[in-house]
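K.L.:
Predicted model follows, preceded by the sequence.
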Amino acid sequence: MAGTSSILEWTLVSECPIPQDVNALLVDGEVAVAAYKTFRDTAVFTNKRLIVKDVQGLSGKKVEIYSLPYSSINMWSTENAGGFLDFNAEVELWTRAGHIKVKLQKGVDVRKFDMLIANALLRD
């Protein structure tokens, strides 16, 4: 995972069960909807925000939590080659906090990911 810079970048490897430790981060009325495994970390979509847990260091004891409220996302795009040789896809988020790039490994459904963002941002 990259630190904060002009572009923050995450790579999601696969969808996974929602980790139980995320419940300690949720506010009243917030519900975890989906989770994705990164190389060492987890990204969790809730009905209010995207939470990314960034485990740092060799021991993994230092943890940084990124919290991106959906209200801060101004625009997004998804990109994939659309063929059987497509090994990854990319999602770009333009936010008030800056530009975020999310790489999706083969096996992560870019359309499902796109719908998670659309449902979070476009529902009344």
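P.N.:
Right, received. Where do you want to start?

K.L.:
any idea how far the residue nearest the centre of the chain lies from Glu15?
P.N.:
Centroid-nearest residue in the chain: Ala43, 4.8 Å away (criterion: Cα atoms, centre = their mean). Ala43 sits 10 Å away from Glu15, taking Cβ to Cβ, to the nearest Å as the criterion. The way it works is simple: take the backbone N, C-alpha and C, and place the C-beta from them, glycine included.

K.L.:
hey, what's in contact with both of the two?
P.N.:
Ala35, Tyr36 (Cβ atoms under 8 Å, 6 or more residues apart in numbering).

K.L.:
Help me confirm that Ser67 comes into contact with Arg49.
P.N.:
Yes: under the criterion of Cβ atoms under 8 Å, Ser67 makes contact with Arg49 at 5.6 Å.

K.L.:
which one of those two has more residues nearby?
P.N.:
More neighbours surround Arg49 than the other of Ser67 and Arg49, with 20 against 12 (other Cβ atoms under 10 Å).

K.L.:
give me the beta-bridge partners of that one?
P.N.:
Pro69 (DSSP bridges).

K.L.:
And it, how close does it get to Val27?
P.N.:
9 Å.

K.L.:
same question, Leu93
P.N.:
21 Å.

K.L.:
So which of those two has more stuff around it?
P.N.:
Between Leu93 and Val27, Leu93 has the larger neighbour count (other Cβ under 10 Å), namely 21 against 8.

K.L.:
Counting by contacts, list what the host helix or strand of that one packs against.
P.N.:
Element membership of Leu93, judged by DSSP states H and E, is strand 88-95. When contacts are defined as 3 or more Cβ pairs under 8 Å, 6 or more residues apart in numbering; DSSP states H and E, strand 88-95 packs onto strand 73-79, strand 98-105, helix 110-122.
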